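Chemist: please find the sequence and the predicted model below.
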Amino acid sequence: WQIETALRQSLEAQQLAIAYQPVTQLSSGDMIGFEALCRWHHPQLGPVSPEIFIPIAEETGLIVALERWLLHQACAQMQHWQQQFPALPLAFMSVNISPVHVMHPTFVADIHQVLQATHLAPAALKLEVTESLMMHNPGVARERLQQVRAFGVQLSLDDFGTGYSSLSYLHQFPFNTLKIDQSFVHQLRATPHDTGIVRAIIAMAHSLNIQTIAEGIETADEAALLAQLGSHYGQGYYFARPGSADDMTRRLTAAA
Ligand code: G
Ligand code: G
Ligand code: MN
Ligand code: NA
């Protein structure tokens, strides 16, 4: 209860923050996009992990206001970066969206509203959802995802390979991107010759006209291997840790 109250107060006082992590095009090394990750540093509690506060936000319904706020900040920031760095190939801002929010009656309007308010090109917003969304209410999920796709927004299936990973989700829902879970990249680290599963995921995604982002890349060797296996994009500490908007502006300035 206390933590719920603290989260509500931090949200209202605009004391939440966003860390941005670059996504890299593996063929060129270009920074092509970002993932926006919510951060909470409470004055007394200290930093609280999203693994803790996101479930609390979901249970209490605060997640809708939290993600609305985060969407606005992240989309406005991306629009600003695209204006500031027109020569850079900045394609998308990814935002994680809870199944609770997708199922909420305002979801489609929330997405429409943030595009209107920030003037971000719809195709530059990528929404990351996990397969738990499709498991519980596939009918409503499909309808909602199709409605935001119709605005031109992109959709990404996050944490692919960690749950049931039904191929039918990729086939039946309008995803543009699949995020290969970190656990596969970690497994490649342990047994680099054993590339079968990752190779198969990438081949399957390509055959469905879906691009892949390999997550959790921590070394140059892993980046090279994922590029060789055909993943379009990569994300991980090797390229950059999540950082503040100012950190990213410095990176973009250096790349421009
Ligand atoms: O870097 P990291 O500790 O930020 O993220 C931990 C988890 O929290 C990840 O699964 C990430 O998707 C999730 N997460 C971070 N920010 C948000 C958010 O704004 N909404 C939702 N639903 N999940 C988030
Ligand atoms: O579930 P989702 O993919 O949204 O969560 C992303 C999480 O992965 C965040 O907690 C982020 O900080 C973390 N992360 C990003 N890059 C790396 C990496 O290279 N190694 C590890 N261990 N974690 C990473
Ligand atoms: Mn994610
Ligand atoms: Na993920």
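Modeler: That came through, no problem. Numbering: from 1, shown residues only. Ligands and ions are numbered 1, 2, ... in the order given.

Chemist: need the CA coordinates for the helix or strand bottoming out on mean pLDDT in the chain. CSV is fine.
Modeler: Ranked by mean pLDDT, DSSP states H and E, the helix or strand of the chain with the weakest confidence is helix 167-172, at a mean of 85. Output of helix 167-172 as CSV, limited to C-alpha atoms (Å, rounded to 0.1, in the frame of the first residue of the first chain):
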residue,chain,number,x,y,z
LEU,A,167,4.2,-19.0,-34.2
SER,A,168,0.5,-18.2,-34.7
TYR,A,169,1.0,-14.9,-32.8
LEU,A,170,3.4,-13.7,-35.4
HIS,A,171,1.2,-14.9,-38.2
GLN,A,172,-2.2,-13.6,-36.8
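
Chemist: who are the packing partners of it?
Modeler: helix 196-207 (3 or more C-beta pairs under 8 Å, 6 or more residues apart in numbering; DSSP states H and E). For the C-beta atoms, the positions are set from N, CA and C on the backbone; glycine is no exception.

Chemist: let's see that with 10 Å instead.
Modeler: helix 132-136, helix 138-150, strand 154-160, helix 196-207 (3 or more C-beta pairs under 10 Å, 6 or more residues apart in numbering; DSSP states H and E).

Chemist: what about the next helix or strand after it, average pLDDT?
Modeler: Downstream of helix 167-172, the next assigned helix or strand under DSSP states H and E is strand 177-180. In this model, strand 177-180 carries a mean pLDDT of 96.

Chemist: hey, C-alpha coordinates of strand 177-180 in PDB?
Modeler: C-alpha atoms of strand 177-180 as PDB (Å, rounded to 0.1, in the frame of the first residue of the first chain):
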ATOM      1  CA  THR A 177       9.400  -6.500 -35.400                       C
ATOM      2  CA  LEU A 178      10.400  -9.400 -33.200                       C
ATOM      3  CA  LYS A 179      12.800  -8.900 -30.200                       C
ATOM      4  CA  ILE A 180      15.000 -12.000 -29.700                       C
END
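
Chemist: that one pairs with which strands, and in what direction?
Modeler: Using DSSP bridges, the strands paired with strand 177-180 in its sheet are strand 154-160 (parallel), strand 211-214 (parallel).

Chemist: list the contacts for the nearest residue to Asp30 once chain neighbours are set aside?
Modeler: Excluding its sequence neighbours, the residue lying closest to Asp30 (C-beta to C-beta, 6 or more residues apart in numbering) is Pro89, at 5.4 Å. When contacts are counted by C-beta atoms under 10 Å, 6 or more residues apart in numbering, Pro89 touches 25, 28, 30-33, 255.

Chemist: can you name the residues of this protein that neighbour ligand 3?
Modeler: Residues of the chain lying near ligand 3 by C-beta under 5 Å from the ion: 96, 128, 158.

Chemist: show me which of these neighbour ligand 2.
Modeler: Restricting those to those near ligand 2 by C-beta under 6 Å from any ligand atom leaves 96, 158.

Chemist: and the residues of the chain next to ligand 3 as CSV, adding neighbour count and pLDDT?
Modeler: As requested, these are arranged in CSV below (neighbours: other C-beta atoms under 10 Å; pLDDT from 0 to 100):
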residue, neighbour count, pLDDT
Asn96, 20, 98
Glu128, 19, 98
Asp158, 21, 95
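
Chemist: picking that back up, from the chain's centre, how far out is the least confident helix or strand of the chain? Work that out for me.
Modeler: Here helix 167-172 is found 19 Å from its chain centre; the criterion is C-alpha atoms, centre = their mean, to the nearest Å.

Chemist: doesn't Val23 fall inside a strand?
Modeler: Yes: counting by DSSP: H, G, I helix; E, B strand; the rest coil, Val23 is part of a strand.
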